[in-house]
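[1] Quick one, structure for this:
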Amino acid sequence: MSVNANRVVSSENEDLIIVDQDDVEIGTLSKARCHDGDGILHRAFSLFIFNVQGELLLQQRSGGKRLWPLFWSNSCCSHPRQGETMDVAIRRRLDEELGIATDLEFVYKFSYQARYGDLGSENELCSVYVGCCDQPIRPNQSEIVDSRFIAADDLQAELMQSGDRFTPWFRMEWEKLSGEFSAQLAKLTNRRSGSTRYPGR
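    Numbering: from 1, shown residues only. Reported below is the predicted structural model:
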């Protein structure tokens, strides 16, 4: 697998899959239109990648992003293309954005809407996946301006102190993962220590 460090892999003109609340496909519409105003519900995925030390990979979104530029977020998020299975879409995006390949486990699906001032909104039915990868990442600079690994306790403290630096979907997803799905998350965050303790919300 390889990735061009500056290759453009997303566009406001690309078609997203429009869905209802049951995740039934009802059509396609450009990313730009999907993000206008209060947004139109579309299919998406959000990935949480941990290293073998149990640290989560965070990315800082490119300054060229229309919504939440330069905000910190989870390892990777994007949209499947029409005709793609979610597995194919995830593997494509991991290669395009991070230059890695790894197996991921589905955790849960949820819908949310979040507005970014007058510039538009995210309105997504988002599938959340977790996994571990020991490969070196090669971030695509057209998508990611910076990246870092962080331990769960440190992330929890950072979210409490400066949560406004993070994307709204990441905050919602991390809260649910560290609460309702804490046992599943502990398998990744405590790989070395074997500890069962996890920071509360």
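
[2] For the helix or strand Ser162 falls within, which helices and strands make contact with it?
    Taking DSSP states H and E as the definition, Ser162 sits inside helix 152-162. Packing partners of helix 152-162 (3 or more CB pairs under 8 Å, 6 or more residues apart in numbering; DSSP states H and E): strand 56-61, helix 168-179. The way it works is simple: take the backbone N, C-alpha and C, and place the C-beta from them, glycine included.

[3] So what touches the following helix or strand past the shortest one?
    Next helix or strand after strand 56-61 toward the C-terminus (DSSP H and E): strand 72-73. Contacts to strand 72-73, defined as CB atoms under 8 Å, 6 or more residues apart in numbering, come from residues Leu58, Gln59, Gln60, Arg61, Arg165, Phe166, Thr167, Trp169, Phe170.

[4] isn't the fourth one right up against Val145?
    Yes. Judged on CB atoms under 8 Å, Arg61 makes contact with Val145 at a distance of 7.0 Å.

[5] what about these two, which has more around it?
    Between Arg61 and Val145, counting by other CB atoms under 10 Å, Arg61 is the more crowded of the two (19 against 16).

[6] ok so, going back, okay if I get the helices and strands packed on helix 152-162 as JSON lines plus distance to Ser46 and mean pLDDT?
    Output for those, formatted as JSON lines (distance: least, CB to CB, whole Å; pLDDT from 0 to 100):
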{"stretch": "strand 56-61", "distance to Ser46": "12", "mean pLDDT": "98"}
{"stretch": "helix 168-179", "distance to Ser46": "6", "mean pLDDT": "97"}
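
[7] any idea which of the ones you listed is most buried?
    strand 56-61 (a mean of 21; mean count of other CB atoms under 10 Å).

[8] mind checking pLDDT for Thr196?
    On the pLDDT scale, Thr196 is placed at 37.

[9] rewinding a little: please identify which of the contacts of strand 72-73 is nearest to Glu12.
    Comparing the contacts of strand 72-73 against Glu12 with CB to CB places Arg61 closest, at 14.9 Å.

[10] Would you mind measuring from that closest one to Leu159?
    With distances taken as CB to CB, to the nearest Å, Arg61 is found 17 Å from Leu159.

[11] How about Ala114?
    Look at Ala114 and Leu159: by CB to CB, they are 16 Å apart.

[12] residue boundaries of the helices in this protein?
    Assigned by DSSP state H, the helices in the chain fall at 31-35, 86-98, 152-162, 168-179, 182-189.

[13] Give me the angle between the helix holding Ser162 and helix 168-179.
    Orientation of helix 152-162 against helix 168-179 (axes from the mean of the first three to the mean of the last three CA atoms, to 10 degrees) gives an angle of 130 degrees.

[14] what's helix 152-162 in contact with?
    By CB under 8 Å, 6+ apart, the residues outside helix 152-162 that reach it are 54-56, 58, 150, 165-166, 171, 174, 178, 185, 189, 198-199.

[15] In a markdown table: those residues, plus distance to Ala101.
    Shown next, in a markdown table, are the contacts of helix 152-162 (distance: CB to CB, whole Å):
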| residue | distance to Ala101 |
| --- | --- |
| Gly54 | 20 |
| Glu55 | 19 |
| Leu56 | 18 |
| Leu58 | 20 |
| Ile150 | 22 |
| Arg165 | 29 |
| Phe166 | 26 |
| Arg171 | 28 |
| Trp174 | 24 |
| Ser178 | 26 |
| Leu185 | 22 |
| Thr189 | 22 |
| Tyr198 | 28 |
| Pro199 | 30 |
